[in-house]
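# I need the structure of the sequence given here:
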Amino acid sequence: MITPSEFAADTSTRRIRLDVAYDGTDFSGWARQPGLRTVCGVLEEQLGTVLRHPVTLTVAGRTDAGVHARAQVCHLDVDPAWLDQRSFDGRPEALVRRLARLLPPDIAVMHARWAPADFDARFSALRRHYEYRLTTAPWGPEPTRARDTAAWTRTADLDAVREASSRLLGLHDFAAFCRRREGATTIRELQRFDWRAEPDPRGPDAPGAAEVWTASVSADAFCWSMVRSLVGAVMAVGEGRRGQEWITGLLDERQRSSAVPVAPACGLSLVGVDYPADVDLAARNLTTREVRPGPDRGPGAGAECCGG
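Numbers count the residues shown, from 1 in each chain. Next up is the predicted model:
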């Protein structure tokens, strides 16, 4: 049994929460990897520059290469003395402007603030929210959205996609949709998986009129590659290549299914992370740590929460 003392914060440090957005196109995912450009690597480097000390980030969801985030959450522990510089005046909020001058245009820290000692960006999270955006246009996504919209070249029926998605809701073993990671559970509660269609802005009678489909997907946590596998599977049903019973049958699988296609990374974005009230943070940490392994720093680490 894990006890609170095993993960209590160092009393000489304070915890800062960062809210981050990034275009994942040119990143090799979140997790730091030698010789590769990653979101964590860029952020830790620039935070170390402004704080004049090396830092380590813990994140809500370690997104895969090419996956975006509009509302990523991470935390770091600092010695409060690091913020005694004149430009900070003890305020972590000042990190936003300082980092804006140093970070590349495809990543931004939107908010920085002190967090309670029991807050953990990963283990305190109640649920993560993703969106997957694709277009049925034969020419692909409009140029201004080409980096966050997947081109779907095969004809699909949206009603069939919606029915297939609804069959996956609830608490299940999603092993068929997850890349295997030794010791990691694949049992998840899929709380939302629905689709909305945006009509062609030029009107339904425009030449080559097409729609943009957006899936909203929420769960307590996601396995590595799970969201894109869910999308790929239900789209296979929508295209008529698979039946509705095939989707239901996948929930009986106990290992990754080679029959499940993985949707392109470019269409996926992390759009929200929910946390409990401050008084409930410690209890949530305990509950989550009982069922999920601790993170490591290697490639693919934290796969049980990344979802990409």
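# What residue, apart from its backbone neighbours, is nearest residue 126 spatially?
Nearest in space to residue 126, with sequence neighbours left out and distances taken as Cβ to Cβ, 6 or more residues apart in numbering, is residue 274 at 4.5 Å. Where you see a C-beta, it was placed from the backbone N, CA and C, and this is true even at glycine.
# For that neighbour, give me phi and psi.
Residue 274 adopts backbone torsions of phi -100, psi 140, taken as degrees, to the nearest 10.
# Bridged to it, which residues?
In this entry, residue 274 is beta-bridged to residue 127, by DSSP bridges.
# and it, what is it in contact with?
125-129 (Cβ atoms under 8 Å, 6 or more residues apart in numbering).
# buried subset of those residues?
Applying a neighbour-count criterion of 16 or more other Cβ atoms under 10 Å, the buried members of the contacts of residue 274 are 125, 127-129.
# Dump those residues to CSV, plus pLDDT.
Below are these laid out as CSV (pLDDT from 0 to 100):
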residue, pLDDT
125, 97
127, 96
128, 98
129, 98
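# What is the distance between the helix or strand where residue 134 lies and the centre of its chain?
Counting by DSSP states H and E, the element that carries residue 134 is strand 127-135. Computed by Cα atoms, centre = their mean, to the nearest Å, the chain-centroid distance of strand 127-135 equals 9 Å.
# Could you do stretch 188-205 as well?
Here stretch 188-205 is found 19 Å from its chain centre; the criterion is Cα atoms, centre = their mean.
# Stretch 50-65 now?
Per Cα atoms, centre = their mean, the displacement of stretch 50-65 from the mean C-alpha position of its chain is 14 Å.
# what does stretch 116-125 give?
Distance, stretch centre to chain centre, for stretch 116-125: 16 Å (Cα atoms, centre = their mean).
# That one: which residues count as buried?
117-125.
# In JSON lines: the residues you listed, plus secondary structure and distance to residue 27.
JSON lines is the format used below for the buried residues of stretch 116-125 (DSSP: H, G, I helix; E, B strand; the rest coil; distance: Cβ to Cβ, whole Å):
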{"residue": "117", "secondary structure": "coil", "distance to residue 27": "30"}
{"residue": "118", "secondary structure": "coil", "distance to residue 27": "30"}
{"residue": "119", "secondary structure": "coil", "distance to residue 27": "25"}
{"residue": "120", "secondary structure": "coil", "distance to residue 27": "23"}
{"residue": "121", "secondary structure": "coil", "distance to residue 27": "18"}
{"residue": "122", "secondary structure": "coil", "distance to residue 27": "19"}
{"residue": "123", "secondary structure": "coil", "distance to residue 27": "24"}
{"residue": "124", "secondary structure": "coil", "distance to residue 27": "25"}
{"residue": "125", "secondary structure": "coil", "distance to residue 27": "21"}
